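A.B. asks: For reference, the sequence and a predicted model appear below.
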Amino acid sequence: MNEKKQIKSDNLQQQQQQQQQQQQQQRQQQQQQQHIKYLNSNFKDVEKNKLLVHIIAGAGSKLTESLVMFPLDTIKTRLQFQGDFSRGSIKNRYSGIVHAFKTTIKSEGILSLYRGYIPHTLYVLPASAISFVCYEAIVKEAKKSKKFKNMMFDTSGIKAVKETSKDLQLHGGSSSSSSSSSSTSSRFGVLLPILIMTIARITGSVLRTPFDVVKMRQQVSGSLVNEQVKKTNSTAFNSALKIIKTDGIKGLFKYSYVSLLRDLPFTAIYFSTYEFSRNYQKYLINRGLKSAEKKKKLSSINNLISGSLAGAIGTTLTIPIDVIKTNLQTQDLLPKDKRVFNGVISAFKYIIKNEGFKGLTKGLSTRLIHIVPSAGLSFCAYEYIKKLLL
């Protein structure tokens, strides 16, 4: 009897212990699930905050840059406008940047250098914010790729990739399959933001055209002989109203495809050069460090150099189409017999025939003086604002 009682008592204790273990496991699982939910919600909040930071930093950087550099854009546009076709329709022919500045300020006042600034700002602030958000997404996805890290001289994070592979192996995945899936996901991961940026630039370039057309008309109108045309384009509203009355809404989107021919290659060159330059500078300042030592971070000067280099290369390679774009979108300010262009090919042929290949680089020095510090200032301000907010 005593033995039976002892056996029953032992069985009861085992059952109680099993129940306690099950309850403990259930509590642990609930705690883990709650922790995961907390982490996921926290991660989402962080990602939302980062998105907002990139938007603010992108718009803020462009506002800082445009306030300082817009007068140079006005001078560039005027230099490109004074071709053989506009001879006799403008008051002054400028011999260079300094002469253009002096003549414009003397005859029209210093504020004339900011003519067209409002339509310019209405477009560039949201466009810059979107561009920087896409850029950050591309870099984030691309850095998951080991191939990208090696290409950009940045070997940090490879250890993390290896550790991830080991974790996957512990969960039943093989090294080769995990590596392959990681590579595939990173490839597709980076394609999505690139596709988004491309769509954003295509849409943006088309939507930008009305603002650009109005801006350029205001910029060059002050130099015209015809007082009536000058008066019509004295404000952004009057200029837009005149275009709509003459050509309808479609007149505001005239030659929008030319903006695409300039903006798409410029954006690709601009951001890729910037990222390559930053990573190369990281490689240079950290190559002498030992593995245990803390890596040095890039300074504002490094960001300024990278941005300036990106602007210089992008501007130089796209200046011919920029000259053609300016001529096509401003020729309606001239008398009808002076409107000689009907497209990119005809503009290209006319400029080569009458001005030589040099005519396709008109305003390059002004554009470089404008874009190089602008790009450097823009990226430097972007990184600084981002650092303050994150």
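C.D. replies: Perfect, I can see it now.

A.B. asks: Quick check: residue 246 vs residue 89, distance?
C.D. replies: Distance, residue 246 to residue 89, using C-beta to C-beta, to the nearest Å: 18 Å. Quick note: C-beta positions are derived from backbone N, CA and C, even for glycine.

A.B. asks: How about residue 65?
C.D. replies: Distance, residue 65 to residue 89, using C-beta to C-beta: 32 Å.

A.B. asks: which residue is nearest the middle of the protein?
C.D. replies: By C-alpha atoms, centre = their mean, the chain has its centre lying nearest to residue 131, at 3.3 Å.

A.B. asks: wait, what's in contact with that one?
C.D. replies: Residue 131 makes contacts with 58, 197, 200-201, 204, 267, 271, as judged by C-beta atoms under 8 Å, 6 or more residues apart in numbering.

A.B. asks: name the element it belongs to?
C.D. replies: helix 117-142 (DSSP states H and E).

A.B. asks: what about that helix, distance to the chain center?
C.D. replies: On the basis of C-alpha atoms, centre = their mean, to the nearest Å, helix 117-142 sits 5 Å off its chain's mean C-alpha point.

A.B. asks: Just the CA coordinates for stretch 216-229, please, in PDB.
C.D. replies: Extracted C-alpha coordinates of stretch 216-229, given in PDB (Å, rounded to 0.1, in the frame of the first residue of the first chain):
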ATOM      1  CA  MET A 216      13.900  81.000 -67.700                       C
ATOM      2  CA  ARG A 217      11.500  83.500 -69.300                       C
ATOM      3  CA  GLN A 218      11.700  85.700 -66.300                       C
ATOM      4  CA  GLN A 219      15.500  85.400 -66.100                       C
ATOM      5  CA  VAL A 220      16.100  86.600 -69.700                       C
ATOM      6  CA  SER A 221      13.200  89.000 -70.100                       C
ATOM      7  CA  GLY A 222      15.000  91.800 -68.500                       C
ATOM      8  CA  SER A 223      17.700  91.800 -71.200                       C
ATOM      9  CA  LEU A 224      15.200  92.000 -74.100                       C
ATOM     10  CA  VAL A 225      14.700  95.100 -76.300                       C
ATOM     11  CA  ASN A 226      11.000  94.600 -76.600                       C
ATOM     12  CA  GLU A 227       9.400  96.400 -73.600                       C
ATOM     13  CA  GLN A 228       6.000  94.700 -74.100                       C
ATOM     14  CA  VAL A 229       7.500  91.200 -73.800                       C
END
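
A.B. asks: tell me the mean pLDDT over it?
C.D. replies: Averaging pLDDT along stretch 216-229 gives 83.

A.B. asks: Numbering from 801 from now on, please.
C.D. replies: Let's use 801 as the start, then, which means that last one is stretch 1016-1029.

A.B. asks: Contacts made by it with the rest, please.
C.D. replies: Contacts for stretch 1016-1029 (C-beta under 8 Å, 6+ apart): 873-874, 877-878, 881-882, 888-892, 904, 907-908, 912, 915-916, 919, 1030, 1032-1036, 1039, 1126, 1129-1130, 1133, 1135.

A.B. asks: Helices - which of those land there?
C.D. replies: Counted as lying in helices by DSSP state H, out of the contacts of stretch 1016-1029, are 873-874, 877-878, 881, 904, 907-908, 919, 1030, 1032, 1036, 1039, 1126, 1129-1130.

A.B. asks: which one of those sits closest to residue 1181?
C.D. replies: The closest of the ones in helices among the contacts of stretch 1016-1029 to residue 1181 turns out to be residue 873 (C-beta to C-beta; 17.4 Å).

A.B. asks: Which residue ranges of the stretch 1001-1150 of the chain form helices?
C.D. replies: 1027-1032, 1036-1047, 1056-1086, 1100-1130, 1144-1155 (DSSP state H, counting those that start in this stretch).

A.B. asks: tell me what the last one is packed against?
C.D. replies: What it means is helix 1144-1155. Packing contacts for helix 1144-1155, counted by 3 or more C-beta pairs under 8 Å, 6 or more residues apart in numbering; DSSP states H and E, involve helix 1100-1130.

A.B. asks: before we move on, what about the fourth one?
C.D. replies: Using 3+ C-beta pairs under 8 Å, 6+ apart as the contact definition, the elements that helix 1100-1130 packs against are helix 802-881, helix 975-1021, helix 1056-1086, helix 1144-1155, helix 1164-1189.

A.B. asks: Can you check what angle separates it from helix 1144-1155?
C.D. replies: Interaxial angle, helix 1100-1130 versus helix 1144-1155 (axes from the mean of the first three to the mean of the last three C-alpha atoms, to 10 degrees): 90 degrees.

A.B. asks: shouldn't residue 874 be in contact with residue 920?
C.D. replies: No - counting by C-beta atoms under 8 Å, residue 874 stays clear of residue 920, with 9.8 Å between them.

A.B. asks: what about the two, which has more around it?
C.D. replies: The neighbour count for residue 874 versus residue 920, taken as other C-beta atoms under 10 Å, is higher for residue 874 (27 against 24).

A.B. asks: how much space between that one and residue 935?
C.D. replies: Separation of residue 874 from residue 935 (C-beta to C-beta): 27 Å.

A.B. asks: what does residue 941 give?
C.D. replies: Distance from residue 941 to residue 935, by C-beta to C-beta: 11 Å.

A.B. asks: burial measure for the residue nearest to residue 915 when sequence neighbours are not counted, as a count.
C.D. replies: Closest residue to residue 915 apart from its sequence neighbours, by C-beta to C-beta, 6 or more residues apart in numbering: residue 1018 at 4.4 Å. Neighbourhood size, residue 1018 [other C-beta under 10 Å]: 25.
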